[in-house]
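K.L.:
need a 3D model of the following:
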Amino acid sequence: METRPRKILSIDLTKKEYEVKSFEDLNSYIGGVGLGFKLMEMYYSKNPLIFAVGPLNGLFPFASKTAIIINNDGVIEDVYLGGSISLRIRYAGLDAIVIYGISQEKTILDITNAGVSFRDPSEDPETLGLPGKRSVIKVDGSKILLGGYFTTPEHYLEKEFTDKNISGIVVTGTELINIKDFDKYEELYKKILNRKNELSVLEGTYPSCSNCPMGCGKSKTGEMGGNVLLHSLVACQYADRIYTDVGVVFSCLNVLGYNYTHEDIESLPKLIEQTLRRIS
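P.N.:
Okay, here's the model as predicted:
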């Protein structure tokens with residue numbers, strides 16, 4: 001299995017502190033929902049809000065969602081947000097962001113790579129971060145929107161923002177990801193992109209998620225639940241014909257330098273099931 005440890009940014013709203021930790025023992029959870037559930041177990045007593053991405057986010061077409069893991073009064077919910085934030089978290093060099101505690105006053109989290117500034121809510125989140133390299137989540141009326149458009153299917157995120165006194169989150173990612181065999185990567189990228197006719201959604205002119213040319217109208221409201229492998233890679237549910245193909249998944253992981261085996265992939269659902277059982 002790939003040895004690069006998972007890099008987690010944890011933010012304590014109560015103390016206005018943050019730290020970055022690396023965990024090699026989280027590799028088996030791959031990313032997304034698998035990683036998010038494990039982090040929920042680890043931070044459970046702190047009632048965290050977790051944003052988790054996967055190894056393909058920002059690097060392959062249709063791997064465009066961000067897993068959001070929330071403890072909803074004892075029920076662990078996983079929802080998936082579209083847009084560009086998965087790319088920004090990945091380019092910040094992070095695998096997940098864990099937010100816990102309660103801010104004494106409303107605050108905007110201004111995250112740049114592995115650093116965090118706690119901003120006054122009077123500031124406009126759209127003016128923070130670096131233009132073209134940021135993703136902005138903020139309250140718009142009764143709903144939270146990413147980039148003024150993308151949202152989630154339920155109001156779990158709104159409740160978390162209210163309970164934790166968060167008025168916005170800005171993520172700027174500027175790190176470059178080095179791919180050793182770029183020619184092979186580019187060839188595989190184009191091959192997957194050319195399979196867009198296999199997506200179970202129609203092409204449109206709506207705002208697109210990162211690394212997706214479809215512009216479909218269904219990405220606006222995000223997703224809930226679904227295939228464990230798909231959502232550990234945090235790929236779009238409408239690209240399930242591509243990313244539930246284990247051969248394609250292995251090719252993508254391999255060209256990025258990951259060394260997962262068939263056993264690693266096959267054991268993932270059981271790992272997640274055991275984790276949820278321990279939490280409950």
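K.L.:
what are the phi and psi values at the nearest residue to residue 262 once chain neighbours are set aside?
P.N.:
Distances taken as C-beta to C-beta, 6 or more residues apart in numbering place residue 246 nearest to residue 262, at 7.2 Å, with adjacent residues excluded. To be clear about C-beta, it is placed using only N, CA and C from the backbone, and glycine gets the same treatment. The phi/psi pair for residue 246 (degrees, to the nearest 10) reads phi -60, psi -30.
K.L.:
contact partners for residue 246?
P.N.:
By C-beta atoms under 8 Å, 6 or more residues apart in numbering, residue 246 lies in contact with 229, 262, 265.
K.L.:
list only buried entries from these.
P.N.:
229, 265 (16 or more other C-beta atoms under 10 Å).
K.L.:
among the contacts of residue 246, find the lowest-pLDDT one for me.
P.N.:
Within the set of these, pLDDT is lowest for residue 262 (84).
K.L.:
quick one: that one from residue 46, how far?
P.N.:
According to C-beta to C-beta, to the nearest Å, residue 262 stands 35 Å off from residue 46.
K.L.:
quick one on the thing from earlier: which one of the contacts of residue 246 is nearest residue 136?
P.N.:
residue 229 (29.9 Å; C-beta to C-beta).
K.L.:
residue 38 contacts residue 275, doesn't it?
P.N.:
Yes: here residue 38 lies in contact with residue 275, judged by C-beta atoms under 8 Å, at a distance of 5.5 Å.
K.L.:
which residues do the two both contact?
P.N.:
residue 29.
K.L.:
show me which of the two is the more surrounded one.
P.N.:
Neighbour tally, residue 38 and residue 275, criterion other C-beta atoms under 10 Å: the higher count belongs to residue 38, 26 against 20.
K.L.:
for the closest residue to that one other than its chain neighbours, give me phi and psi.
P.N.:
Among residues not flanking residue 38 along the chain, residue 29 sits closest, at 4.8 Å (C-beta to C-beta, 6+ apart). Backbone torsions for residue 29, taken as degrees, to the nearest 10, come to phi -90, psi 0.
K.L.:
if we can go back for a sec, now render the contacts of residue 246 as TSV, adding secondary structure and distance to residue 280.
P.N.:
Converted to TSV, the contacts of residue 246 look like this (DSSP: H, G, I helix; E, B strand; the rest coil; distance: C-beta to C-beta, whole Å):
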residue	secondary structure	distance to residue 280
229	helix	22
262	helix	29
265	helix	25
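K.L.:
state whether residue 79 is indeed within a helix.
P.N.:
No: secondary structure of residue 79 (DSSP: H, G, I helix; E, B strand; the rest coil): strand, not part of a helix.
K.L.:
hmm, residue 66 and it touching each other?
P.N.:
No: Residue 79 is beyond contact range of residue 66, at 9.4 Å (criterion: C-beta under 8 Å).
K.L.:
now the strands: where do they sit in this structure?
P.N.:
Secondary structure of the chain, counting by DSSP state E: strands at 6-12, 17-23, 49-52, 66-72, 75-81, 96-100, 107-112, 115-119, 134-140, 143-146, 166-172, 223-224.
K.L.:
quick check: neighbours of the shortest one in the sheet, parallel or antiparallel?
P.N.:
Counting by DSSP bridges, the strands paired with strand 223-224 are strand 75-81 (antiparallel).
K.L.:
list the buried ones in the strand it pairs with?
P.N.:
Those would be 76-81, for strand 75-81 by 16+ other C-beta under 10 Å.
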